[in-house]
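A.B. asks: Provided below are the primary sequence and the corresponding predicted coordinates.
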Amino acid sequence: MEILNWFKKTYPDLVFKMKNTNHELSLNQPSPYHSEGDVWTHTLMVYNEVKRDKNIELKLSALLHDIGKPDTIIKSSHKDYYSFTGHEFLGCFLAIPILRKFEEDFKISINKELILKIINYHQDLFKLGVLDGNKMIFAPEEINYINRKFNDLELYDSLVKLSIADGNGRFCEDYSRLDA
């Protein structure tokens, strides 16, 4: 069974929450970062970017990277926008039982620690670099910070791939093809 179908079948309540979590800046203003409208559609778009990658940890990270958003959405009354402060941290905790269930159902061992780190740090590269096509561009001081914080090459490589997928997974011409 393919990962996406397994997730939808095993966690329908979470999928429902993600489908019903607005990704817009506010009710009156579309997000320039998320034209897709809801967290589930964005997740499908990000997953679609990596689904052919051989790295199962990257695929699971893409699928789970925003699972904390439904429970962290804040509507600011004085600023008229939504935020998801802390979604990456909560997502790590929510992902633990999902990853255990995945291993049990698929009867394989995965690097859960790597996946949890990817989920936890998936926003960091957006805060530092600039996405230019399929490349992240960093200033020298940002590179020094990255080398200190992400001295694990596998973690860094996965974060770059997820950041690119997350960036590309925001705009789509045919949303109906994503949930296949």
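C.D. replies: Received the coordinates, thanks.

A.B. asks: C-terminal to the lengthiest helix in the chain, what's the next element?
C.D. replies: For the chain, the helix with the greatest residue count under DSSP state H is helix 87-106. As assigned by DSSP states H and E, the chain's next helix or strand after helix 87-106 is helix 112-121.

A.B. asks: hmm, who's touching that following helix?
C.D. replies: Under the contact criterion C-beta atoms under 8 Å, 6 or more residues apart in numbering, helix 112-121 has outside partners 57-58, 60-61, 64-65, 88-89, 91-92, 95-96, 99-100, 103, 150, 152, 154-155, 158-159, 162. All C-beta atoms are positioned from the backbone trio N, CA, C, and that covers glycine.

A.B. asks: List buried residues within those residues.
C.D. replies: By neighbour count, with 16 or more other C-beta atoms under 10 Å, the contacts of helix 112-121 hold 57-58, 60-61, 64-65, 88, 91-92, 95, 99, 150, 155, 158-159, 162 as buried.

A.B. asks: Max pairwise distance over those residues: which two?
C.D. replies: Within the buried ones among the contacts of helix 112-121, L99 and F150 form the most distant pair, 20.8 Å apart (C-beta to C-beta).

A.B. asks: most centrally placed residue in the chain?
C.D. replies: H65 (2.9 Å; C-alpha atoms, centre = their mean).

A.B. asks: Not counting its neighbours along the chain, what's nearest that residue?
C.D. replies: H122 (5.0 Å; C-beta to C-beta, 6 or more residues apart in numbering).

A.B. asks: re the thing from before, tell me the mean pLDDT for the longest helix of the chain?
C.D. replies: Average pLDDT, helix 87-106: 96.

A.B. asks: and what of stretch 154-163?
C.D. replies: When pLDDT is averaged over stretch 154-163, the result is 90.

A.B. asks: in this structure, which spans are helices?
C.D. replies: Going by DSSP H, the chain shows helices at 3-10, 12-19, 39-50, 56-64, 69-72, 87-106, 112-121, 124-128, 140-149, 153-168.

A.B. asks: Alpha carbons only: can I get the shortest one in CSV?
C.D. replies: Taking C-alpha atoms only, helix 69-72 is exported to CSV below (Å, rounded to 0.1, in the frame of the first residue of the first chain):
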residue,chain,number,x,y,z
LYS,A,69,-1.2,23.3,12.0
PRO,A,70,-4.9,22.4,12.7
ASP,A,71,-4.1,22.5,16.5
THR,A,72,-2.0,25.7,16.4
